[in-house]
Structure formats: C-alpha cells, structure tokens
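**Student:** Kindly generate the corresponding structure for this input.
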Amino acid sequence: MLDLRRMDRIRLSARPRAQRLVALGVLAPNYGLAGVDIQFEGFERVPDEPVIFAMNHTDRYNYWPFQYHLWRTHGRFTATWVKGKYYENPFVGLFMEMTNNLPTVSRGYVITKDFLATLGRRPDADEYATLRARVDAAARGEALPEGEAAAPRALLTVPREILGRPFDPTRERWEDAIVAVWARMMRRFVALHEEAFALGLDLLVFPQGTRSVRLSKGHIGVAEVALRYGKTVVPVGCNGSDHVYPGSSPFARPGRIVYRFGEPLGPEDAAPFVPDAPFTPFDPQDEATHRERFQGFVDLIMERIDGLLDEPYRFSDDQESGGVRGSHRFV
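**Tutor:** Sure thing, here's the model as predicted:
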C-alpha cells in the first residue's frame, strides 16, 4: 500500500542495484532468448545532463526496454513516475520501491483508497464525481459544492486513520483531511524529484497518464516539474512495445521496439510558458492560476511525441485515452 510511511522511506540511488540486477538477471536473458530488438533513433540529440524523458505509454512495461537499453548503451539511469496503485501488492510495491520509482500521488488515489478501506468497495462513478468535486474545492480553498447527500455517511463521520494520518470528524471535515494527506504525500513526491536531479538521474514520465495504445492528451504535471526546475524535456516516441508486451505478463515476446528521440525542449523553448510568479509544483491554487501556461507547454510536448510515432500510436481524433477509466485508475 502507498501511504505516508512508505512515501517517507523511499530512497533513490544514482546507480540503483535492483535495476541492474533485474536488467542482467531477467531482462537480458529474456530479450536475448525471445529475440527482442531494441533500437534508439536520434539519441545523439539528448544532452549530457539530467533530462526529463517524456514518452507515450502503450502498455504496462514499455519503460523496461527503454531503461535497459539506456543503461546498457549509454550508462544512464532513470527515476520513473508510476501509479500509486502498483504499491497495493506487497511484492510489486517492494519491487517499485527498490527500483528508483516515484509514486505519483493523486487526490483520486487518496479518495478511492479511503473509500475502499472504510466501506469495502470502490465508489461508483457518481459518488466519485461528487467526492472529487468537493475535495478539489477544498484544495483550492473554495466553498464546497452541493452534493453531500451523495457521500456515504460513514465516510464523513467515522473516526479512523487515512493512509497514516488520523482523521477526527469532530475536528475537521473529511474533505480537508483528504487534502491534508494528499498535500503531505505530494511534498515528499516533489522532494524526491530534487533528490533525483541531485543524483544525476534522468526522469522518465508518461504525460498522458493512463496507458493507451494511441497517444492521448497530456496532463500538466510534467510541465510543472520542468518549468519549476528548469529541466530540458526530451520527447520520446515508443513504437512496437505493445506487441512485445501484449498483456499483463512481464516476460517479453519476440519483436522490435523503436524509441525515437525528438529535439530537446530546453529553457528557451519553455520560456513562453514560465509563470510570472514563483509556484509550487502540484499546488492546487498555483495550478488554477497558471494552468493555461502549464497546459500550453504539455501540448507542445505531446505534439512533439506525436511526430515521433508510427501511425497506430498517434493521436486519435478526439485525443482521448483508450485506457482504464473511473476509480479503477487509482486502486
């Protein structure tokens, strides 16, 4: 499970031993025996400094061949954004913790996890929409919208611990408790980025969030990190990994994967999108104030990724994700 205690104990490494062990003990023999051909095209464009690789997310494992080839051919390691739900399984969670991953913390995860722990089920679509709107309003310091009747009473009134933080409904609203848990986890998430860059690690991000064979609209998180820390973003188009990893099995099938590297987007490219005032990444009020600029930079990144993809992976007409929807995205 991803909670406050786990967030606090995550440690990164400049040369993660677990990544190297997995690469040599699992991926190398798997790729060799299966006949997996991994190609990097345009890597000469990548600066010799820590960068943010922004890549499409076609399948569960399309970052594994990327990390493997990046280390074996260029001696570079990454810290990678992964969803909090992957920490639900104890073994998978330990694996994620040992291999330089950064668990993305969303208000949706905290809402869904607390709902499931309290009521023994996930929220349905209407319940989630109501709860999310109320939590988002609380995060921005706004009045809560109508709709409390749609929230199960136990969720709002039962004292308990929410992911490691005590909740006393006689002292605070449930919405404020969710925001407090999320904010504390997010502070640690942001601090881990600073640690990663200080160690000389590259950052690997999937701006579209949920995996989808076709590219979908990007979320603003990668822009917030890049603009806050002045990091160069390198767009990467992944082609063919979904055929090598067609399902949930972590063992690759025969096939060819091509990663194309686009022109880096450095500080001069990002300059039109930098907010006029200092901001904190993922702060709800800062996001509301500067969303247009953040989204503008992400749209540019996604446009560059789209140009690096073969036709089956390019934007759909509506740029919508073909992946998981609803609260199943989180738990």
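
**Student:** Could you point out the longest helix of the chain?
**Tutor:** Scanning the chain for the helix with the most residues, using DSSP state H, yields helix 174-198.

**Student:** After it, which helix or strand is next?
**Tutor:** strand 202-205 (DSSP states H and E).

**Student:** Give me the mean pLDDT for that following strand.
**Tutor:** The average pLDDT within strand 202-205 is 99.

**Student:** Kindly export the helix or strand just after it (C-alpha atoms) in PDB.
**Tutor:** Where DSSP H and E defines the elements, the next helix or strand beyond strand 202-205 is helix 221-229. The C-alpha trace of helix 221-229 is given here as PDB (Å, rounded to 0.1, in the frame of the first residue of the first chain):
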ATOM      1  CA  GLY A 221       2.500  17.500 -14.100                       C
ATOM      2  CA  VAL A 222       5.500  17.200 -16.400                       C
ATOM      3  CA  ALA A 223       5.300  20.800 -17.300                       C
ATOM      4  CA  GLU A 224       5.200  21.900 -13.600                       C
ATOM      5  CA  VAL A 225       8.400  19.900 -12.800                       C
ATOM      6  CA  ALA A 226      10.200  21.000 -16.000                       C
ATOM      7  CA  LEU A 227       9.300  24.700 -15.600                       C
ATOM      8  CA  ARG A 228      10.000  24.800 -11.800                       C
ATOM      9  CA  TYR A 229      13.400  23.200 -12.100                       C
END
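
**Student:** I'd like to know which elements helix 221-229 is packed against.
**Tutor:** strand 52-55, helix 174-198, strand 202-205, helix 284-306 (3 or more CB pairs under 8 Å, 6 or more residues apart in numbering; DSSP states H and E). C-betas here are computed from N, CA, C, even on glycine.

**Student:** Between the ones you listed, which one is closest to Ala271.
**Tutor:** Closest of the helices and strands packed on helix 221-229 to Ala271 is helix 284-306, at 10.1 Å (criterion: CB to CB).

**Student:** and His243, which of the helices and strands packed on helix 221-229 is closest to it?
**Tutor:** strand 52-55 (16.7 Å).

**Student:** Parallel or antiparallel, list what pairs with that closest one.
**Tutor:** strand 202-205 (parallel), strand 233-239 (parallel) (DSSP bridges).

**Student:** okay if I get those strands as CSV plus mean neighbour count?
**Tutor:** As requested, the strands paired with strand 52-55 are arranged in CSV below (neighbours: other CB atoms under 10 Å):
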stretch, mean neighbour count
strand 202-205, 24
strand 233-239, 25
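
**Student:** Distance to Asp168 for the ones you listed - can I get that in CSV?
**Tutor:** Output for the strands paired with strand 52-55, formatted as CSV (distance: least, CB to CB, whole Å):
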stretch, distance to Asp168
strand 202-205, 37
strand 233-239, 43
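
**Student:** The nearest residue to Glu41 once chain neighbours are set aside in helix, strand or coil?
**Tutor:** Of all residues not flanking Glu41 in the chain, Arg260 sits nearest, at 4.6 Å (CB to CB, 6 or more residues apart in numbering). Following DSSP: H, G, I helix; E, B strand; the rest coil, the label given to Arg260 is strand.

**Student:** For Gly120, see how far away Arg260 is.
**Tutor:** Applying CB to CB, to the nearest Å, the value for Arg260 to Gly120 is 46 Å.

**Student:** How about the contacts made by the residue nearest the centre of the chain?
**Tutor:** The chain has Trp81 as the residue nearest its centroid, 4.1 Å off, counting by CA atoms, centre = their mean. Residues near Trp81 by CB atoms under 8 Å, 6 or more residues apart in numbering: Asn101, Leu102, Thr104, Leu203, Leu204, Val205, Phe206, Gly221.

**Student:** Which residue, neighbours along the chain excluded, lies closest to the first one?
**Tutor:** This points to Asn101. Val82 (4.6 Å).
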